[in-house]
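Q: From the sequence below, what's the structure:
(one chain, ligands or ions: 1)
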Amino acid sequence: MHNHIRVKTGDITKEKVCAIVNAANSSLMGGGGVDGAIHRAGGQAILEECKAVRDSRYPDGLPTGKAVATGAGAMDASYVIHTVGPVYGSCGSACESLLASCYTQSLNVALELGCKDIAFPAISTGIYGYPKEAAARIAYRSVKNFLDEGHEMTVYFVFHNDQDKTVFEESIRELQEL
Ligand code: ADP
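A: Below is the predicted model of the structure:
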């Protein structure tokens with residue numbers, strides 16, 4: 001039943017999948033955390049594409065909860081899907097649906113690109129401060145709902161360390177039993 005979801009520890013920039021997701025900020029001009037790692041590993045080409053996206057589609061920045069694709073530059077993936085997670089505490093009760101939207105929109109972009117696999121980092125759980133347990137349940141539920149619609153996609157949750165991976169696995173355990 002869950003055979004299209006894989007959980008692992010690693011550096012998402014090294015993933016050999018069709019699309020890796022970037023926990024970007026709305027400027028799309030790079031930043032810290034996984035965003036910085038992706039821009040460093042992918043090279044200047046990603047930033048150039050992000051600038052073009054800003055100019056053509058999002059002059060005021062990519063809104064929270066939305067997703068947009070660029071190439072992946074020097075990385076093994078074919079695409080980077082940039083999505084902007086909510087800053088925890090800045091959106092009240094809307095934070096949950098905004099975080100869910102990051103996952104759903106990224107999956108739909110991957111689908112449009114013809115991808116059959118995608119890797120997610122733990123969006124919003126770093127600099128943006130989202131509690132890891134709550135974020136895990138939102139991430140898992142969003143992905144599971146998408147897969148239950150019958151889409152053919154293998155989804156990787158990639159954690160930067162084993163501790164974060166364990167927190168994720170323990171947080172979703174009850175949901176897996178449903
Ligand atoms: P946000 O601003 O959305 O909170 P961060 O990049 O600060 O994004 O953190 C999101 C998550 O990405 C954190 O759990 C962090 O440990 C993780 N992370 C950072 N670098 C990498 C990487 N190279 N591969 C996978 N995950 C990473």
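
Q: Could you pick out the residues of this structure near the ligand for me?
A: By Cβ under 6 Å from any ligand atom, the residues of the chain that approach the ligand are 11-13, 23, 33-35, 37, 85, 121-128, 158, 160, 164. Where you see a C-beta, it was placed from the backbone N, CA and C, and this is true even at glycine.

Q: any weak-confidence spans in the chain?
A: 1-3, 178 (pLDDT under 70).

Q: how about the strands in it?
A: 5-9, 19-24, 67-71, 79-84, 117-120, 154-159 (DSSP state E).

Q: The ones you listed into JSON lines, with extra columns for mean neighbour count and distance to residue 107?
A: Formatted as JSON lines, the strands of the chain follow (neighbours: other Cβ atoms under 10 Å; distance: least, Cβ to Cβ, whole Å):
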{"stretch": "strand 5-9", "mean neighbour count": "15", "distance to residue 107": "12"}
{"stretch": "strand 19-24", "mean neighbour count": "29", "distance to residue 107": "9"}
{"stretch": "strand 67-71", "mean neighbour count": "20", "distance to residue 107": "9"}
{"stretch": "strand 79-84", "mean neighbour count": "26", "distance to residue 107": "9"}
{"stretch": "strand 117-120", "mean neighbour count": "24", "distance to residue 107": "7"}
{"stretch": "strand 154-159", "mean neighbour count": "22", "distance to residue 107": "8"}
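
Q: Serialize the ones you listed to a markdown table and add fields for distance to residue 109.
A: Formatted as a markdown table, those follow (distance: least, Cβ to Cβ, whole Å):
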| stretch | distance to residue 109 |
| --- | --- |
| strand 5-9 | 18 |
| strand 19-24 | 8 |
| strand 67-71 | 5 |
| strand 79-84 | 5 |
| strand 117-120 | 9 |
| strand 154-159 | 13 |
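
Q: Relative to residue 133, which of those is closest?
A: Residue 133 lies closest to strand 154-159 among those, at 13.4 Å (Cβ to Cβ).

Q: Could you work out the end-to-end span of stretch 106-118 for me?
A: 9 Å (Cα to Cα, to the nearest Å).

Q: Identify the residues contacting it?
A: With contact meaning Cβ atoms under 8 Å, 6 or more residues apart in numbering, stretch 106-118 is reached by 17-21, 67-69, 78-79, 81, 83, 120, 142-143, 146, 151-156.
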